[in-house]
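Enquirer: Here's a sequence, model it:
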Amino acid sequence: LSADVINFAVSASSVSKGETLLDTARNIEAMQADFIVLRHPMAGAPNTLAKLLRASIVNAGDGGHEHPTQALLDLYTLREKKRAFQGLRLAIVGDIAHSRVARSNIYALTKLGAEVRVIGPPTMMPLEVERLGVKVFYDLDEGLRGVDVIMMLRLQLERQGIALFPSIREYSRLYCLTPERVKLAAPDALVMHPGPINRGVEIAPEVADSVSSVILDQVTNGVAVRMAVLYLLSGGK
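Expert: Residues are numbered from 1 along each chain as shown. Okay, the predicted model is just below:
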């Protein structure tokens, strides 16, 4: 896109010295930045800045809230492979409660007419998640039956310390996507994962590398989709 890029590491910035997020963003804007691509641990941070700055804010993930461009690239990949969303049966598996990827995909896919199932242990399922228009399953084998797409989520190993699951081995036994479990889905089912992957934990290596996997297609499409976002924000038609 021939843009000039300002790389910004929070650890080496004035944020680590107590500067507020807004002041930091205003300083970046003063460098004549047209776009600020922001990943922040606080939910709602990009929305707050978007109301206060001239520069366009691109949400690259805000806490456990949303990850819009990941959902866009996932939709693009599905459009390539499956064409239609209406009636598509898709299962999202893993830590639904803490996944911004799951939340953005649920919002998008349900609007487009897909049937979304969420699968995971009760400790990783948001309260009243059914209100988002999804079907909830706690048993992986039951939830996978007949689905067209399986979207696995990374097990956030750093959360083991807050007792969301007994052990990694136990989680893997119950929720790892194995070749045998893929057979429960539709014959032409796709396997997706936003990355990074914990091989052997939430997905077996032979599944991640199988012909059903479109994980690398997601990575490739992510470049094009994010280029398109910046191009459209710059006024491109």
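Enquirer: Now do the strands in this protein.
Expert: 35-40, 56-62, 89-93, 115-119, 135-137, 149-152, 190-192 (DSSP state E).
Enquirer: same for the longest one, what does it pack against?
Expert: To tie it back to what came earlier, the one meant is strand 56-62. strand 35-40, helix 45-50, helix 68-82, helix 215-233 (3 or more Cβ pairs under 8 Å, 6 or more residues apart in numbering; DSSP states H and E). C-beta: built from backbone N, CA, C; applies to glycine.
Enquirer: ok so, going back, among the strands of the chain, show me which one is buried the most.
Expert: Among the strands of the chain, strand 149-152 has the highest mean neighbour count (mean count of other Cβ atoms under 10 Å), at a mean of 26.
Enquirer: Which elements pack onto that strand?
Expert: Using 3+ Cβ pairs under 8 Å, 6+ apart: strand 149-152 touches helix 68-82, strand 89-93, strand 190-192.
Enquirer: distance of the residue sitting nearest the centre point of the chain from S234?
Expert: Nearest residue to the geometric centre of the chain (Cα atoms, centre = their mean): V101, 2.3 Å. From V101 across to S234, the span is 26 Å (Cβ to Cβ, to the nearest Å).
Enquirer: that older thread, can you lay out the helices and strands packed on strand 149-152 as a markdown table showing mean pLDDT and distance to N47?
Expert: Below are the helices and strands packed on strand 149-152 laid out as a markdown table (pLDDT from 0 to 100; distance: least, Cβ to Cβ, whole Å):
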| stretch | mean pLDDT | distance to N47 |
| --- | --- | --- |
| helix 68-82 | 98 | 11 |
| strand 89-93 | 99 | 24 |
| strand 190-192 | 99 | 27 |
